[in-house]
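*Asks:* have a look; sequence and predicted model below, questions after that.
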Amino acid sequence: MKLLIDVGNTAVKYAIEQENSIRLVKEGDIDWQKLTAIICSQVGKGDGLQWVQRQTSALGMTLEQAHVSASRAGVTCAYPTFQNLGIDRWLTVLAAHNLYPAQDVIVIDSGTATTVDVVTAEGKHLGGWIVPGIDLMISSITARAERVFCDDNTPFAEEFAKNTPEAVKNGALAATLGLVHSAKQLLNNESALVLCAGGYGELIKNHIESAVFDDLLVFKGLSVWWKNPQ
């Protein structure tokens, strides 16, 4: 039984992998005595991991930290200086190719930032983009433009807005969806699979035909990384 840890920019999430099945768990529900491995992906500062490190040491185990490499699990990294690629992006790419090995995949992960990465059916990572996440788009424009405002009650919609909160929210959604359309054009493959993850992943999935939402994508990437040392 493996403990998988995802340290993001705003939260630390935990999952258990057992018999090729991954499920989210809370801190207090971890059965430390049954663990055979502890694997971590760290984008954020990870201050909250100190207690995990103490538990790991007490068990005589090592907290294994996932890292980016030039290639792994059949995927080659697009970055010549591969160390500069975020580990969260690398793990989503590894997971995408492992889950859909015969397809070109566009991964869009929308959290604090929205990232887009493309991996081909041959396992070639083509690179991607980083833009502000939907919440960050909204907060930045409302903070800096005096007469622009938003609210929590206005839903996101893929349509022209008739008031300011709609204009802000629908604009942020349209900008995010535009990333996917641009990626398909650059890839020259309109039928490429769109794989969505992150806090706004399900929203994005609902606005893209045949897209797939996977809220365990980073954890699945951690598992692929651990199982494929080359």
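*Replies:* Thanks, I have it.
*Asks:* where in the protein is pLDDT low?
*Replies:* Along the chain, the parts satisfying pLDDT under 70 run over 44-46, 48.
*Asks:* OK, contacts around the residue nearest the centre of it?
*Replies:* In the chain, the centroid-proximal residue (Cα atoms, centre = their mean) is residue 109; its distance is 4.1 Å. Going by Cβ atoms under 8 Å, 6 or more residues apart in numbering, residue 109 touches 88, 89, 92, 115, 116, 117, 196, 197, 198, 201, 217, 218. C-beta here means a position set from N, CA and C on the backbone, and glycine is covered the same way.
*Asks:* looking at those residues, which are in strands?
*Replies:* Residues of these located in strands (DSSP state E): 115, 116, 117, 196, 197.
*Asks:* so which of those would you say is closest to residue 2?
*Replies:* For those, the residue nearest residue 2 by Cβ to Cβ is residue 197; the value is 19.9 Å.
*Asks:* helix, strand or coil: sort out the residue nearest to the centre of the chain for me.
*Replies:* strand (DSSP: H, G, I helix; E, B strand; the rest coil).
*Asks:* bridged to it, which residues?
*Replies:* Counting by DSSP bridges, residue 109 is bridged to residue 115, residue 197.
*Asks:* can you map out the strands along the protein?
*Replies:* With strands called from DSSP E, the chain shows them at 2-7, 12-18, 21-25, 37-42, 63-65, 71-72, 75-76, 105-110, 113-119, 125-132, 193-197, 212-213.
*Asks:* hey, which of those strands is tucked in deepest?
*Replies:* Across the strands of the chain, averaging neighbours per residue (mean count of other Cβ atoms under 10 Å) puts strand 105-110 on top, at a mean of 26.
*Asks:* where is the longest helix in the chain?
*Replies:* Criterion DSSP state H: the longest helix present in the chain is helix 164-187.
*Asks:* quick check: angle from it to strand 193-197?
*Replies:* For helix 164-187 against strand 193-197, the angle by axes from the mean of the first three to the mean of the last three Cα atoms, to 10 degrees is 140 degrees.
*Asks:* helix 164-187 packs against which elements?
*Replies:* The contact analysis (3 or more Cβ pairs under 8 Å, 6 or more residues apart in numbering; DSSP states H and E) places helix 164-187 against strand 105-110, strand 113-119, strand 125-132, helix 134-144, helix 201-205.
*Asks:* from the rest of the structure, what touches that helix?
*Replies:* 104, 106, 108, 110, 114, 116, 118, 126, 128-129, 131, 134, 137-138, 141-142, 147-151, 154-161, 190, 192, 194, 200, 203-204, 207-208.
*Asks:* kindly export it (C-alpha atoms) in PDB.
*Replies:* Provided in PDB are the C-alpha atoms of helix 164-187 (Å, rounded to 0.1, in the frame of the first residue of the first chain):
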ATOM      1  CA  THR A 164     -20.100  43.100 -15.600                       C
ATOM      2  CA  PRO A 165     -19.900  39.900 -13.400                       C
ATOM      3  CA  GLU A 166     -20.900  37.800 -16.400                       C
ATOM      4  CA  ALA A 167     -18.300  39.600 -18.500                       C
ATOM      5  CA  VAL A 168     -15.500  38.800 -16.000                       C
ATOM      6  CA  LYS A 169     -16.500  35.200 -15.400                       C
ATOM      7  CA  ASN A 170     -17.300  34.300 -19.000                       C
ATOM      8  CA  GLY A 171     -14.200  36.100 -20.200                       C
ATOM      9  CA  ALA A 172     -12.000  34.100 -17.900                       C
ATOM     10  CA  LEU A 173     -13.700  30.900 -19.100                       C
ATOM     11  CA  ALA A 174     -13.400  31.900 -22.800                       C
ATOM     12  CA  ALA A 175      -9.700  32.700 -22.400                       C
ATOM     13  CA  THR A 176      -9.100  29.300 -20.700                       C
ATOM     14  CA  LEU A 177     -11.000  27.400 -23.400                       C
ATOM     15  CA  GLY A 178      -9.100  29.300 -26.000                       C
ATOM     16  CA  LEU A 179      -5.900  27.600 -24.800                       C
ATOM     17  CA  VAL A 180      -7.300  24.300 -25.800                       C
ATOM     18  CA  HIS A 181      -8.400  25.500 -29.200                       C
ATOM     19  CA  SER A 182      -5.000  27.000 -29.900                       C
ATOM     20  CA  ALA A 183      -3.300  23.800 -28.800                       C
ATOM     21  CA  LYS A 184      -5.400  21.700 -31.200                       C
ATOM     22  CA  GLN A 185      -4.500  24.100 -34.000                       C
ATOM     23  CA  LEU A 186      -0.700  24.000 -33.300                       C
ATOM     24  CA  LEU A 187      -0.900  20.200 -33.000                       C
END
